[in-house]
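Engineer: Sequence plus predicted model, see below.
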Amino acid sequence: MTDLGYYMENGRFKEGLARCTKSLKKSPTDVRLLIWKTRFALGMGDRDGAMSTLNELCNRKPAIADLNLVQDLDDLASEIQAGEYPRPLALSAEMGTLWMNAAKEEAKFPRKKTANKRRFENAVRWQRWEDVNAALLQLRRENPKDDGLRLAHIAIRQLCAENLQDPTKKRINFMLADKDLDLANPSAMGVAEDELRMTILRRRKRFDEISRLFLPLDLNQIHHPHFFTDAKLRKGCIESLYDGRFCGNLSYYCNKLLNPGDNDAFLGANMYNAFRDDWFIWNGYLRACLDIPTPHIPPLIEEFAATGNRPARIALIEYHLRRELKITKDALEALQKYFDAYRSERFCFDDLKDLVLLLPVDAQVKFRQFVAQAAKDASGGDMSKLVHDRDQCSKV
């Protein structure tokens, strides 16, 4: 066997195959020799020959039950199918039976249960989601109280349902995932489960359910604070409300995060201060306001921009730029005020460079002239920074 490994490592597949064939005349049922024969055939590009030998191994009687040999066969089958498109979601039923035989053989030794774990790892590595599903089903039977396995199984069932062509199997996987996740009862969920629930509902474009389950009109009735303290859940809520065009709900949600009333401030002042520095929340509020016709600047943006809140100032600029072209004057004024407030900061130009490009050409020229004049009027330590900003803006 060591000599055969030498042929494989040095790419001498033809010589290795000849050596295997010669050895098999003496031991025609030697499983390891047949596996080497399959490897050499695959190395020579003889996919049909490799598949023929592999099928012979999978269907032999008595069936192979040695775990290491089964894993070798799984790897070979995966390599043979690697060039297929679309990628198969599972290996043959015979291969699945071999894994089950290996697990049964292992069950004779209660302290040693690795077959299903190894099957799971192999299937994940080759992205065979139906095989992952089958392995997780067995792992959950071995560990019925493991919540990590339950969540993984829900996610895999969702992936299987998305990739399966058979509508019946697709529907069954969706139903099993929903049953495990218990979509009707969000009150008993932890952060990981809620993140998974959010991801699944977003992938299915069920934005109305996200609005109904996660965002009660009275935010004091939320099931867990992590609906607002967890960044991934906040992002999912904001994106889902916008994608579902629930702009009124989105405006209400962001408003309560940025400026809660006395009865709503249940998360503490520090958390709300962090929300006010979070551009993603401001951007969600801005997008909702842009989709709701109104002749006035959103009061929340105007109020916090006046207090010097940086994300609110950027939101004010974007509001003017994206609302209507006739208010270019207001957008230019907002850009100039932002530049005056932060011109000594390194982030100033990075914040403004894309927004300036949204201005009409004549307004872009006026803004560059404004920066150039500011550089000219500056004195002391600010001069070098303003000259740098002037040069940067001249490239826009």
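Structural biologist: Sure, I can see it.

Engineer: How many neighbouring residues does the closest residue to F246 other than its chain neighbours have?
Structural biologist: Excluding its sequence neighbours, the residue lying closest to F246 (Cβ to Cβ, 6 or more residues apart in numbering) is S211, at 5.4 Å. To be clear about C-beta, it is placed using only N, CA and C from the backbone, and glycine gets the same treatment. Neighbours of S211 under the rule other Cβ atoms under 10 Å: 18.

Engineer: Quick check: A134 touching A93?
Structural biologist: No. Using Cβ atoms under 8 Å, A134 is not in contact with A93, being 10.5 Å away.

Engineer: Between the two, which is the more surrounded one?
Structural biologist: For A134 versus A93, the count of surrounding residues by other Cβ under 10 Å is larger for A134: 20 against 8.

Engineer: measure that one to I156 for me?
Structural biologist: According to Cβ to Cβ, to the nearest Å, A134 stands 10 Å off from I156.

Engineer: and for these two, which residues touch both?
Structural biologist: Here A134 and I156 share no contacting residue, scored by Cβ atoms under 8 Å, 6 or more residues apart in numbering.

Engineer: and the nearest residue to L241 once chain neighbours are set aside, what does it touch?
Structural biologist: The spatially closest residue to L241, leaving aside those adjacent along the chain, is L250, at 3.9 Å (Cβ to Cβ, 6+ apart). When contacts are counted by Cβ under 8 Å, 6+ apart, L250 touches 238, 241-242, 284-285, 287-288.

Engineer: same deal with R171?
Structural biologist: Here R171 is in contact with A161 (criterion: Cβ under 8 Å, 6+ apart).

Engineer: starting at the chain centroid, how far to stretch 247-263?
Structural biologist: Computed by Cα atoms, centre = their mean, to the nearest Å, the chain-centroid distance of stretch 247-263 equals 27 Å.

Engineer: Wait, R32 touches L69, no?
Structural biologist: Yes. Shown here, R32 and L69 form a contact pair, counting by Cβ under 8 Å, at 7.5 Å.

Engineer: and C289, how many neighbours does it have?
Structural biologist: 24.

Engineer: Need the residues that contact the helix or strand where it lies.
Structural biologist: Using DSSP states H and E, C289 maps to helix 279-291. Defining contact as Cβ under 8 Å, 6+ apart, one finds that helix 279-291 is touched by 234-235, 238-239, 241-242, 245, 247-248, 250-251, 253-255, 257-258, 275, 298, 300-301, 311-312, 314-315, 318-319, 322-323.

Engineer: Mean confidence (pLDDT) on it, please.
Structural biologist: Average pLDDT, helix 279-291: 90.

Engineer: Using the three-state scheme, assign K108.
Structural biologist: The local conformation at K108, judged by DSSP: H, G, I helix; E, B strand; the rest coil, is coil.

Engineer: Show the contacting residues for it.
Structural biologist: If you count contacts by Cβ under 8 Å, 6+ apart, K108 has none.

Engineer: State the distance from it to E121.
Structural biologist: Distance, K108 to E121, using Cβ to Cβ: 22 Å.

Engineer: cool, R368 as well?
Structural biologist: Distance, R368 to E121, using Cβ to Cβ: 58 Å.

Engineer: Counting neighbours, go ahead and name the busier of these two.
Structural biologist: Neighbour comparison, R368 and E121: the larger count goes to R368, with 17 against 14 (by other Cβ under 10 Å).

Engineer: in what helix or strand does the residue nearest the centre of the chain lie?
Structural biologist: The centroid of the chain falls nearest to T199 when counting by Cα atoms, centre = their mean (8.4 Å). Here T199, judged by DSSP H and E, is contained in helix 191-203.
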